[in-house]
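Visitor: Starting from these lines, generate the structure:
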Amino acid sequence: MLVRDVLQAKGHRIITIDCEATVGEAVARLVQNNIGSLPVVDEDNHLVGIFSERDVLRVIHNRGEGFGRLPIREVMTRDPITCRPDEGVEDVMGLMSDRRIAKVPITQDGELIGIVSVGDVIKAVHENLQHENHQLMSYIHGTV
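Guide: As a prediction, this is how the structure comes out:
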């Protein structure tokens, strides 16, 4: 199973933010959309960073009062780990586990085309295993 299969199942809707937005605007967007991270893109839709709940906590801890007015570009995670749509889901799962990240932006030719979360990957693998199990049971019982 490839990352593109996960994207097709979940859809290509991506909620992003511009690097000139403020932390306050980013937090509002996270809350409004009930999500844990925002890809940060430039005017050409190229990924330049990611802003996550962890970044929110770091900026509150490190900067204290007035953190909401800081521009995202100052506090985002630069050069986030990404994957391509033709990569295997198992490889991305390993990457997420090794790097302890919950979301991986998907890029193609430098452009952001989607994002997959741990939940998306688990769901896809689970559904694939269920399908394989059903096929094997049907074969064993001669109902194929």
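
Visitor: Name the spans of this protein whose pLDDT lies under the cut-off.
Guide: In the predicted model of the chain, residues 144 satisfy pLDDT under 70.

Visitor: Give me the residue at the spatial middle of the protein.
Guide: Taking C-alpha atoms, centre = their mean, the centroid of the chain lies closest to residue 103, which sits 3.1 Å from it.

Visitor: quick one: the strands in this protein?
Guide: Along the chain, the stretches classed as strands by DSSP state E are 17-18, 37-41, 47-52, 77-78, 103-108, 111-117.

Visitor: Contact partners for the residue nearest to the centre of the chain?
Guide: Residues near residue 103 by C-beta atoms under 8 Å, 6 or more residues apart in numbering: 36, 37, 50, 52, 115, 116, 117, 118. Just so you know, the C-beta spots here come from the backbone N, C-alpha and C atoms, and that holds for glycine as well.

Visitor: And for the fifth one, the neighbour number?
Guide: A count of nearby residues for residue 115, using other C-beta atoms under 10 Å, gives 26.

Visitor: I'd say it and residue 105 touch.
Guide: Yes - using C-beta atoms under 8 Å, residue 115 makes contact with residue 105 at a distance of 5.0 Å.

Visitor: what's the overlap in contacts for the two?
Guide: Counting by C-beta under 8 Å, 6+ apart, the contacts common to residue 115 and residue 105 are residue 39.
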